[in-house]
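Q: no letters, just coordinates:
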């Protein structure tokens, strides 16, 4: 079995995962996103320690300090990725491809994003409590480093600056998420996540989830920034920019390149979803159309589309079988089993 899969196979995986994420239990959504925000804050804590401890070096070699920050910040995001934590920035990618493929209802997508964003915020604020009362970054030179970061991230740049930086940031973050699915080994996944995240930190792009931790720490240590200004000039532009960067430049582009063409060849127009209980399921699929035998790519595409639709259908059946007695946990297990079986078959197809 190969250690990697292709980019078009990943695109189909993202469609299925996006649908399953949007229909998962609310308590699971909250916990996963709380953990995601807290683990990213671990990387933020390391960033502040390095920045505060290298102020003398920054005067003569600011580029070297940025490289050091790029080395330590991705640690939190790698931990979140490997352990199943969720981030609103990454969920933008999953929801975009699922919405474009009409495998999830709009209200479900909005619900997941809102819960994800608030869960990340809760996790970040909780980790601020640990860091502050643990007296980790309240002493010099670290405290002044947090204040300096607030100036660099909020006070000095304009609203548009932060917005544009956030677009570039989530373009890279969602690329990291996309690339992590190309490999099946832990080491390869770590590297594929690390490289884009390292890049956005060194450049100085804005991540809304990271800012939920980095900026309030500076405010606690005495930065001249009100809560209202933090929300308007940091959280709002960084969140909007992250949505555009991840949804357009990764989600829509790769959906168009890999999923739309294959779906059109297989079934014609993309079919919408209908609501059964609280589970989004595809409407009746159109019968597959004949494909020229000479087009090997389209033959392979049939398998990919069938696996994706099979996983979704089985997931929907699992939810329907147990909806009457309220046994949500059993349906979750069925959906998870169906999804894992689809991914296993995808990995064997070369």
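A: Yes, it's here. Model, not experiment: these values are computed from the prediction. Residues are numbered from 1 along each chain as shown.
Q: check which helices and strands the helix or strand hosting residue 118 sits against.
A: According to DSSP states H and E, residue 118 maps onto helix 106-133. In terms of contacts (3 or more Cβ pairs under 8 Å, 6 or more residues apart in numbering; DSSP states H and E), helix 106-133 is packed against helix 7-22, helix 26-53, helix 88-100, helix 208-220. Backbone N, C-alpha and C define where each C-beta goes, glycine included.
Q: including mean pLDDT, could those go into TSV?
A: Listed next are the helices and strands packed on helix 106-133 as TSV, based on pLDDT from 0 to 100:
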stretch	mean pLDDT
helix 7-22	95
helix 26-53	96
helix 88-100	97
helix 208-220	97
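Q: any chance of these in CSV, with mean neighbour count and distance to residue 60 too?
A: Output for these, formatted as CSV (neighbours: other Cβ atoms under 10 Å; distance: least, Cβ to Cβ, whole Å):
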stretch, mean neighbour count, distance to residue 60
helix 7-22, 24, 42
helix 26-53, 22, 15
helix 88-100, 27, 34
helix 208-220, 26, 24
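Q: of all those, which lies closest to residue 132?
A: Nearest of the helices and strands packed on helix 106-133 to residue 132, taken as Cβ to Cβ: helix 208-220 at 5.9 Å.
Q: where does the prediction get shaky in the chain?
A: 1-2, 263-350 (pLDDT under 70).
Q: one more time with 90
A: 1-5, 55-62, 138-139, 183-184, 260-350 (pLDDT under 90).
Q: how is it divided into domains?
A: In the domain annotation for the chain, the residue ranges read 7-252, 266-348 (automatic domain parsing).
Q: mean neighbour count, those: which tops it?
A: Ranked by average neighbour count under the criterion mean count of other Cβ atoms under 10 Å, the domains of the chain are headed by domain 7-252 at a mean of 20.
Q: other residues contacting stretch 242-254?
A: With Cβ atoms under 8 Å, 6 or more residues apart in numbering as the test, stretch 242-254 has contacts from 7, 11, 88-90, 92-93, 95-97, 100, 166-171, 173-175, 178, 207-208.
Q: can I get the domains of the chain in a markdown table with distance to residue 259?
A: A markdown table is the format used below for the domains of the chain (distance: least, Cβ to Cβ, whole Å):
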| stretch | distance to residue 259 |
| --- | --- |
| domain 7-252 | 5 |
| domain 266-348 | 8 |
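Q: which of the helices and strands packed on helix 106-133 sits closest to residue 257?
A: Checked against Cβ to Cβ, the stretch from the helices and strands packed on helix 106-133 lying closest is helix 7-22, at 7.7 Å.
Q: how far off centre is that closest one?
A: The chain centre lies 12 Å from the centre of helix 7-22; the measure is Cα atoms, centre = their mean, to the nearest Å.
Q: next, name the residue at the spatial heart of this protein.
A: Nearest to the mean C-alpha position of the chain, by Cα atoms, centre = their mean, lies residue 90 at 1.0 Å.
Q: show me what contacts that residue?
A: Contacts for residue 90 (Cβ under 8 Å, 6+ apart) come out as 173-174, 177, 246.
Q: distance check, it against residue 18.
A: As judged by Cβ to Cβ, to the nearest Å, residue 90 and residue 18 stand 11 Å apart.
Q: quick check on residue 184: phi, psi?
A: When read as degrees, to the nearest 10, the backbone of residue 184 gives phi -110, psi 0.
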